[in-house]
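Undergrad: With the input below, show me the fold.
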Amino acid sequence: MIGRSVFAALALLASLAAVSVPALAQKAPLPVVTAPVVVEPIYDPVEALGTTKANERAAVTANVTEKIQEVRFEDGQAVEAGDVLVILNSEEERASLRAARAVFAERQSAWERAKTLGDRQFTATATIEEREALMEEAAANVSVAEARLADRTIRAPFDGVVGFREVSVGDLVEPGDVITQLTDLSVLKLDFTVAAVYLAALRPGLDIEARTAAFAQQPFFGTVRTLSTSIDPVTRTIVGRAIVPNPDGLLRPGMLMTVSLRLNPRNALMVPEEAVIPLGRSAFVFAVEEGAPPVARRTQVEVGQRFGGKVEILSGLSEGDRVITRGTIRVKDGQAIEIKEAGENGIGTAAPLGAEG
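TA: Take a look at the predicted model:
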């Protein structure tokens, strides 16, 4: 009888021990990695296609009919505004200018003599006025001769790069004949097309990033300058124009580029993507409730955009809160936790905690 009682007591103790060990294990703080909720600048990315255009482009032509005396540029040469590109034969115009200046000098002297005599009451006012009119006529003739001479020197109208040389010394050029093309490549216009549904978010000053197959690994950055005043009624799209700096001259007019628009730029609450647990159409995180020990609290959140391994939090958290990034599969609401490492850049960097699940 006593033996049976002892055996029953031992069995009871064994069963109690089997139950108490897991219970104690569940109460032990669970090691986790956490990260802070931080505020970062983000935007809504929208993709579009665009074509580059020259910022300034002009066909360099002559204003008169004359033979070319000198060519002062080579194909693809960079020039500045005012640089001489071509000189036309101008012997006749130089002679005309010398003659006009000589006449002006003679009439100016006659006017000065008449004015001196007039001051002494030796010459009539009408004579002085006649001499002055003749002097002004001569001055006008000098200006005409100078303009005709200037037409024989063809200069670059703005800074840029000349194209192919279409003329040679001795060629006879006429008004409208193209001598070369001058293009400003320091910046380019980038015309892109985007769906009209984004019209409310489009505005001048927005930043863009553009890429082209010719330089696949290099991004080009620019700014939206203006938008078309109308929407295409067939495609329901609107055309925008951005300005893209091109200091190295890599881009050329006519290139196809993929444009990434940065709409709705804003400062947003961000958490690491691994902290967010989807549940149907909802999502939640395990936020850290400070204490001794700290406790995990299941918190429902509203998420927005995703960028580079991070998720925008629209509601449910505040800046400075901490969320669990590793250990989320094993943790339960209200469970005590042990923070093994707290990342300060939004991503935990602890050593592996073991298999989760």
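Undergrad: in the longest strand anywhere in the chain, what's buried?
TA: Across the chain, the longest stretch assigned as strand under DSSP state E is strand 38-61. Buried residues in strand 38-61, counted by 16 or more other C-beta atoms under 10 Å: 38, 42, 43, 46, 48, 50, 52, 54, 55, 60. C-beta coordinates here come from the backbone N, C-alpha and C atoms, glycine included.
Undergrad: counting contacts, what elements does it pack onto?
TA: Identification of packing neighbours for strand 38-61 by 3 or more C-beta pairs under 8 Å, 6 or more residues apart in numbering; DSSP states H and E yields strand 178-195, strand 237-245, strand 256-272, strand 295-307.
Undergrad: and if we set it to 10 Å?
TA: strand 153-155, strand 160-162, strand 178-195, strand 207-212, strand 237-245, strand 256-272, strand 295-307, strand 310-315 (3 or more C-beta pairs under 10 Å, 6 or more residues apart in numbering; DSSP states H and E).
Undergrad: Quick check: can you name the pairing partners of the first one and their directions?
TA: Applying DSSP bridges to the sheet, strand 153-155 is found paired with strand 84-88 (antiparallel).
Undergrad: how far is the partner strand from where the chain is centred?
TA: Distance, stretch centre to chain centre, for strand 84-88: 37 Å (C-alpha atoms, centre = their mean, to the nearest Å).
Undergrad: Tell me which strands the longest strand of the chain pairs with, and in which orientation.
TA: Strands that pair with strand 38-61, judged by DSSP bridges, come out as strand 178-195 (antiparallel), strand 256-272 (antiparallel).
Undergrad: how does the chain divide up, domain by domain?
TA: Split into domains by automatic domain parsing, the chain comes to 46-55+183-267, 63-87+154-175, 90-151.
Undergrad: what about the ones you listed, which gets the closest to residue 314?
TA: domain 46-55+183-267 (11.0 Å; C-beta to C-beta).
Undergrad: what about that closest one, distance to the chain center?
TA: On C-alpha atoms, centre = their mean, the centre of domain 46-55+183-267 falls 8 Å from that of its chain.
Undergrad: So what's the model's average confidence on it?
TA: In this model, domain 46-55+183-267 has a mean pLDDT of 93.
Undergrad: Endpoints of that domain, how far apart?
TA: Start-to-end span of domain 46-55+183-267 (C-alpha to C-alpha, to the nearest Å) is 18 Å.
Undergrad: max-length helix in the chain?
TA: Across the chain, the longest stretch assigned as helix under DSSP state H is helix 91-119.
Undergrad: Counting neighbours, which bits of the following helix or strand past that one end up buried?
TA: For helix 91-119, the succeeding helix or strand toward the C-terminus, using DSSP states H and E, is helix 125-150. For helix 125-150, burial by neighbour count (16+ other C-beta under 10 Å) applies to 127, 128, 131, 132, 134, 135, 138, 141, 142, 145, 148, 149.
Undergrad: Please tell me how far the nearest residue to the last one once chain neighbours are set aside sits from residue 147.
TA: Right, residue 149. Spatial nearest neighbour of residue 149, excluding adjacent residues (C-beta to C-beta, 6 or more residues apart in numbering): residue 93 at 4.3 Å. Per C-beta to C-beta, to the nearest Å, residue 93 is found 9 Å from residue 147.
Undergrad: Low-confidence stretches in this structure?
TA: Along the chain, the parts satisfying pLDDT under 70 run over 1-27, 118-124, 341-357.
Undergrad: Just give me the residue closest to the centre of the chain.
TA: The chain has residue 222 as the residue nearest its centroid, 1.7 Å off, counting by C-alpha atoms, centre = their mean.
Undergrad: tell me which element it is part of?
TA: Assessed by DSSP H and E, residue 222 sits inside strand 215-227.
Undergrad: So what touches that strand?
TA: 50, 52, 187-190, 192, 194, 199, 202-212, 238-246, 248, 250-251, 255, 257, 259-262 (C-beta atoms under 10 Å, 6 or more residues apart in numbering).
Undergrad: again, only using 6 Å
TA: Here strand 215-227 makes contact (C-beta atoms under 6 Å, 6 or more residues apart in numbering) with 202, 204, 206, 208, 209, 210, 211, 240, 241, 242, 243, 244.
Undergrad: Now do the contacts for residue 337.
TA: By C-beta under 6 Å, 6+ apart, the neighbours of residue 337 are 29, 30, 32, 294, 296.
Undergrad: swap the cut-off to 10 Å and go again
TA: Residues near residue 337 by C-beta under 10 Å, 6+ apart: 29-32, 34, 286, 288-289, 291, 293-296, 324, 327, 331.
Undergrad: now those: which count as buried?
TA: Of the contacts of residue 337, these count as buried by 16+ other C-beta under 10 Å: 30, 31, 32, 34, 286, 288, 294, 295, 296, 324, 327, 331.
Undergrad: Brilliant, that's me finished.
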